[in-house]
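**Q** Please find the sequence and the predicted model below.
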Amino acid sequence: MSLVLLAITPAIFYGVLGVVTNMANLHIVGAGAIGLSLANAFAYDHSVTLLVRRRYTVPFAFSSGQELYHLPVKHIDLSDPTQNKPLIQHGFICVKSYQLKQAIQSIAPYLAEHANLFISHNGMSDLKEIEQYLGEKQALFFFSTSMGGLKINDTTVKATGAGETYLGACNDIALERLSLSFNQFFCSQIPHSKIHHNIAQLRWQKLLINVAINPLSAIHQVKNGQLRQPRYASMILQLLNEACVVANADNIDIKLNEALTSAYQVMTGTQHNSSSMAQDILNGRHTEIDAICGYIVKRGAYHGIDTPYNREMLNQLLKLHS
Ligand SMILES: NC(=O)C1=CN([C@@H]2O[C@H](COP(=O)(O)OP(=O)(O)OC[C@H]3O[C@@H](n4cnc5c(N)ncnc54)[C@H](OP(=O)(O)O)[C@@H]3O)[C@@H](O)[C@H]2O)C=CC1
Ligand SMILES: CC(C)(CO)C(=O)C(=O)O
């Protein structure tokens, strides 16, 4: 593949033209596939600093189609006591579900009094646990995304699909600032982004998409689009059927046919993407199966609903971890 290294990055180019408006200082925790994809999207309009936890010597880069360019971002290694610590007004946490608590603990001391915190991850986390680290004037948002990103080396991400992104408010302060934050950071920067007014529904809808796609794509090491083959149809139906029964017991109004339609739409929209779980297994990393199928099994047990298909996926993935 012939990649063109652009000498003038888009953000600098825009700056020269004087197009930048409302520039804000943004901090992104996690230089992974999603963190770097966001950094790329935001760097056009804002000043972006990545908050990392180890030393990087090679510049961060973004690749799309035939283009490869360095991201015009700074970074701070939070584990290095000699580095200046940030003051975070707008923080975006893009880590795995099992890394979330630790990531929030590590930045909580640096949040500005009126900070906006945006979290994004697959699977279910306990929002109440996260809110305990926030002051009463600090807003907590959740955004769910189906955009695809693939780390091709430690510092470069390749765009693999532009899925939809939904922003929702998790506390009252966030609700007050929802439109403003959406207009400032999502509307024009993140393709196919929308506001969602029901955070619980939003998180369940994304959970069901991940129940359908992630474990099967990881076990069979296939791209999202390949899951549309008939041989996976019965398992996907069973997984989503169980998950919808559990969602309904949790007072979430989701119908099986809607869950199936969304899952197949995402498979099509991200057909060339290797799901995050498929990448985790390929790279020998821990997966988020506990927060995805594990969550269905746990909530099912709470309601007295048996979930053998989700349990089977959970057990298979746990075996692949070890
Ligand atoms: N990749 C994709 O296409 C998609 C991913 N998602 C979801 O988005 C979330 C993020 O995924 P993804 O970007 O792929 O994950 P990655 O594993 O690629 O990236 C996570 C990054 O977070 C860093 N990190 C973890 N904890 C901390 C911390 N305390 N301080 C600083 N950095 C930290 C890790 O650093 P280190 O390398 O040092 O461990 C790593 O660079 C997941 O929930 C995933 O399921 C959703 C849609 C698509
Ligand atoms: C939507 C999907 C399946 C996109 O690949 C995703 O969330 C993931 O990879 O974890």
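**A** Done, it's in. Ligands and ions are numbered 1, 2, ... in the order given.
**Q** Give me the distance between H197 and S179.
**A** As judged by Cβ to Cβ, to the nearest Å, H197 and S179 stand 11 Å apart. All C-beta spots, glycine's among them, are computed from the backbone N, C-alpha and C.
**Q** Ok, R55 next?
**A** 39 Å.
**Q** Check E113 too.
**A** For E113 relative to S179 (Cβ to Cβ), the value is 22 Å.
**Q** which helices and strands sit right next to the strand or helix carrying I107?
**A** Following DSSP states H and E, one finds I107 within helix 100-107. Judged by 3 or more Cβ pairs under 8 Å, 6 or more residues apart in numbering; DSSP states H and E, the packing partners of helix 100-107 are strand 25-29, strand 88-93, strand 111-119, helix 127-131.
**Q** what angle separates the second one from strand 25-29?
**A** For strand 88-93 against strand 25-29, the angle by axes from the mean of the first three to the mean of the last three Cα atoms, to 10 degrees is 30 degrees.
**Q** Please enumerate the strands of this structure.
**A** Per DSSP state E, the chain carries strands over the ranges 4-5, 25-29, 47-52, 61-64, 67-70, 74-77, 88-93, 111-119, 139-145, 148-153, 156-161, 165-169, 193-195.
**Q** Can I get those strands in JSON lines including distance to L318, mean pLDDT and mean neighbour count?
**A** Compiled in JSON lines, the strands of the chain are given as follows (distance: least, Cβ to Cβ, whole Å; pLDDT from 0 to 100; neighbours: other Cβ atoms under 10 Å):
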{"stretch": "strand 4-5", "distance to L318": "42", "mean pLDDT": "40", "mean neighbour count": "10"}
{"stretch": "strand 25-29", "distance to L318": "27", "mean pLDDT": "98", "mean neighbour count": "23"}
{"stretch": "strand 47-52", "distance to L318": "29", "mean pLDDT": "98", "mean neighbour count": "21"}
{"stretch": "strand 61-64", "distance to L318": "33", "mean pLDDT": "96", "mean neighbour count": "19"}
{"stretch": "strand 67-70", "distance to L318": "37", "mean pLDDT": "96", "mean neighbour count": "17"}
{"stretch": "strand 74-77", "distance to L318": "32", "mean pLDDT": "97", "mean neighbour count": "16"}
{"stretch": "strand 88-93", "distance to L318": "25", "mean pLDDT": "98", "mean neighbour count": "22"}
{"stretch": "strand 111-119", "distance to L318": "25", "mean pLDDT": "98", "mean neighbour count": "20"}
{"stretch": "strand 139-145", "distance to L318": "25", "mean pLDDT": "96", "mean neighbour count": "23"}
{"stretch": "strand 148-153", "distance to L318": "23", "mean pLDDT": "89", "mean neighbour count": "18"}
{"stretch": "strand 156-161", "distance to L318": "26", "mean pLDDT": "90", "mean neighbour count": "21"}
{"stretch": "strand 165-169", "distance to L318": "30", "mean pLDDT": "96", "mean neighbour count": "23"}
{"stretch": "strand 193-195", "distance to L318": "34", "mean pLDDT": "97", "mean neighbour count": "16"}
